[in-house]
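Visitor: Return a 3D structure for these sequence lines:
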Amino acid sequence: EVQLVESGGGLVQAGGSLRLSCATSGFSFADYAIGWFRQVPGREREVVSCFRGRTGTTYYADFVRGRFTISTNNKNTMFLEMNSLKPDDTAEYFCAADEFRFGREPYDYTYWGRGTQVTVVS
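Guide: Sure thing, here's the model as predicted:
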């Protein structure tokens, strides 16, 4: 059974950093696409970054490129390193995985964690 559990969210000052973790089980990063998404109440969930281990392909949304980094420990944990945080980065952050698709839309991912809240204050 595929499971994902996020952690690492919290309250941070603008310009600060956070490292989100997603503990996974039931699949291999070599075989699945993984992604980080975020959502603000009243708005659609949007992609932050995604990665396909099979091809080494990585994608970053324009609004985080150069500030956020997606990675894994090659075992069972994926990370989102977030630097130079802005108040606009405030959202619930979700990790996701899918065996067959690699895309930038929520519907491209079958498995989801429950989310972790990130709040950036100025």
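Visitor: Next one: the residue positioned nearest the centre of the chain from residue 24, what distance?
Guide: Nearest to the mean C-alpha position of the chain, counting by C-alpha atoms, centre = their mean, stands residue 36 at 2.0 Å. Counting by C-beta to C-beta, to the nearest Å, the gap from residue 36 to residue 24 is 13 Å. The way it works is simple: take the backbone N, C-alpha and C, and place the C-beta from them, glycine included.
Visitor: list the residues that contact both of those two?
Guide: When contacts are counted by C-beta atoms under 8 Å, 6 or more residues apart in numbering, residue 36 and residue 24 have 78, 95 as shared neighbours.
Visitor: What mean pLDDT does the one helix or strand residue 5 maps to get?
Guide: Per DSSP states H and E: residue 5 is located in strand 3-7. The pLDDT scores in strand 3-7 average 98.
Visitor: Would you give the sheet partners of it, along with the direction of each?
Guide: Within its sheet, strand 3-7 is paired with strand 18-25 (antiparallel), according to DSSP bridges.
Visitor: All set, thanks.
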